[in-house]
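Asker: Below: sequence and its predicted model.
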Amino acid sequence: MQAWQDYQNEHKERFLNELKDLLRIPSVSANSNHNGDTARCAEAVKDALLAAGCDSAEICETAGHPIVFAQKIIDPSLPTVLTYGHYDVQPPDPLELWTSGPFEPVVVDGKIYARGACDDKGQMFMHVKALEIMTKTNTQACNLKFIIEGEEEVGSTNLGKFLEDYKDRLQADIVLVSDTSMISMEHPSIETGLRGLAYMEVEVTGPNRDLHSGVYGGAVGNPITTLSKMIASLHDENNHITVEGFYDDVDDLTVAERTALNSAPFDIEEYKTELGVKADWGEKGYTALERTGVRPTLELNGIWGGYIGEGAKTVLPSKAFAKISMRLVPHQNSHQIAELFTKHFHKIAPDYVTVKVTEHHGGEPVVTPTNSIAYKAAEKAIATTFGKDPIPTRGGGSIPIIALFEKTLGLKTVLMGFGLDNDNIHSPNEKFDVANFYKGIETIPYFHQYFAEMSK
């Protein structure tokens, strides 16, 4: 619609500057030192939603970080879209690998660099600006409700209770989420599923104190060595996960499904070059697209123990630790997988150490329907602004609350993301292409228009 495009063109610099202001707030949910920043960011999101045209917006306190709930109801007889996003971000470490300050947004070569630029402040803010465009041009086609939370990066611990408490106020027809990616601007896509997550921490203890590695080395089991061997044993020679029962509920794709998945544009050589690796890695018998979308994984996220400071300290450590995440596919259950992992890790521990396994957060895998009115509205919206039909894909990441929306509110979700896989989310130098930011703002109003038309 020309009015939408004209309004965006007139205000696009302000849109970008307002995003920069949001990115300057270090709303790191995992670090309690930033609790004041997360609260400040929630206030900024509330103010932005009100300025964009919401009738009401409020800060909803939780046992953790606050949730922003807002709405713009124009006609109860029209369909209602519940937009979900999050304002919290991952820790920026390691800081020395950033080429600019993680909370000092800069635009270089058409890309905005900052922690949260893509995940998820930039993508969430597209919906705020799309709302502004629709309200200012008097073209809003659906009722809108917003949940913008501050704990997605730490497992959305308190969102379940919020959904139960606000169940009546959250009634809607569909959930719309932009916290995912597309293949490219040349090959737009819509993710039709996400993997689940089981996130664990393990602790291996040997002697009751740190020991002198000369006096005791060779006679006492070293927890770091032991932990390293235990972790190495979690994959076999074909990179198949060795946790007993891990694959019991995993369905194999049909030949037709695998062919369709691998028909998406993908160049393995470009993939390796972009990542700076000489070869890809993974479960034998599967392509990179299958390994990152429809196969479960087990990854070591961090390992530590002993002395890692400057200089030397010849110590045989008492303890060693690791954080491990497992991405899950449909029919796997995060709690069941956590139990299987815990049992397996205890089983493989030698008798000269003791182990402790802690389950942190998790979430269930989801598959979204591609024959729904909402999916078809998203498909048509992207086709309208990109000039070509989007390709359905499966996402490798996890958004644990998608399954929660269906369980608690009975709502399906459309995953209409505008990020790119190389946007460095969770890594140094996170970015979001400014063109993608603007394209998202341009596309979202069409989704609302088409969803309203198709729902009649």
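Answerer: Great, that's in hand.
Asker: Pretty sure residue 334 sits against residue 198.
Answerer: Yes. With contacts counted by CB atoms under 8 Å, residue 334 reaches residue 198, the gap being 4.5 Å. For every residue, glycine as well, the C-beta is placed using N, CA and C.
Asker: Report the mean per-residue pLDDT for stretch 78-97.
Answerer: Confidence over stretch 78-97, taken as the mean pLDDT, stands at 97.
Asker: List the buried residues in stretch 176-193.
Answerer: By neighbour count, and taking 16 or more other CB atoms under 10 Å as the criterion, the buried residues in stretch 176-193 are 176-183, 188-193.
Asker: oh, I was asking about stretch 241-255
Answerer: Neighbour-count burial for stretch 241-255, with 16+ other CB under 10 Å as criterion, is recorded at 241, 243, 246, 253.
Asker: before we move on, the earlier item: comparing residue 334 and residue 198, which residue is more hemmed in?
Answerer: Each of residue 334 and residue 198 has its neighbours counted (other CB atoms under 10 Å); residue 198 has more, 28 against 22.
Asker: I'd say the more buried one and residue 339 touch.
Answerer: No. Taking CB under 8 Å as the definition, residue 198 is not a contact partner of residue 339, at 9.4 Å.
Asker: low-confidence ranges in the stretch 51-200 of the chain?
Answerer: Within the stretch 51-200 of the chain, not a single segment meets pLDDT under 70.
Asker: wait, what's in contact with residue 265?
Answerer: The neighbours of residue 265, taking CB atoms under 8 Å, 6 or more residues apart in numbering as the test, are 183, 184, 186, 187, 391.
Asker: how does it look with 6 Å?
Answerer: For residue 265, the contact set (CB atoms under 6 Å, 6 or more residues apart in numbering) comprises residue 187.
Asker: Would you double-check that it falls in a strand?
Answerer: No. Residue 265 is assigned coil when assessed by DSSP: H, G, I helix; E, B strand; the rest coil, not a strand.
Asker: Can you give me the domain assignment for this structure?
Answerer: Per automatic domain parsing, the domain ranges recorded for the chain read 2-194+365-454, 196-250+296-363.
Asker: Give the closest residue to residue 89 in space, chain neighbours not counted.
Answerer: Distance criterion CB to CB, 6 or more residues apart in numbering; nearest residue to residue 89, sequence neighbours excluded, is residue 116 at 3.9 Å.
Asker: how near is the one you found to residue 14?
Answerer: Residue 116 sits 19 Å away from residue 14 when distances are taken as CB to CB, to the nearest Å.
Asker: More neighbours: which of these two?
Answerer: Using other CB under 10 Å as the criterion, residue 116 and residue 14 rank with residue 116 on top: 33 against 11.
Asker: ok so the more buried one is a strand residue?
Answerer: No. Under three-state DSSP, residue 116 falls outside any strand and is assigned coil.
Asker: and residue 446, what element?
Answerer: Taking DSSP states H and E as the definition, residue 446 sits inside helix 434-454.
Asker: Next: residue 256.
Answerer: Following DSSP H and E, the helix or strand that holds residue 256 is helix 255-261.
Asker: After that helix, which helix or strand is next? Please name it.
Answerer: Stepping forward along the backbone from helix 255-261, the first helix or strand reached (DSSP H and E) is helix 268-275.
Asker: which helices and strands does that following helix pack with?
Answerer: Applying 3 or more CB pairs under 6 Å, 6 or more residues apart in numbering; DSSP states H and E, one finds that helix 268-275 contacts no other helix or strand.
Asker: what's that helix in contact with?
Answerer: When contacts are taken as CB under 6 Å, 6+ apart, helix 268-275 has no neighbours outside the stretch itself.
Asker: in it, what's buried?
Answerer: For helix 268-275, using 16+ other CB under 10 Å, no residue counts as buried.
Asker: Following element in sequence after it, please.
Answerer: With DSSP H and E setting the assignment, the helix or strand that follows helix 268-275 is helix 288-293.
Asker: Give the buried residues for that next one.
Answerer: Buried residues in helix 288-293, counted by 16+ other CB under 10 Å: 289, 290, 291, 292, 293.
Asker: Assign a three-state SS to the closest residue to residue 172 other than its chain neighbours, would you?
Answerer: Counting by CB to CB, 6+ apart, residue 82 is the residue found nearest to residue 172 once chain neighbours are left out, at 3.8 Å. Secondary structure assignment for residue 82 (three-state DSSP): strand.
Asker: Check whether residue 82 really touches residue 145, as I assumed.
Answerer: Yes. Under the criterion of CB atoms under 6 Å, residue 82 is in contact with residue 145, at a separation of 4.7 Å.
Asker: Now do the shared contacts for these two.
Answerer: Counting by CB under 6 Å, 6+ apart, the residues touching both residue 82 and residue 145 are residue 172.
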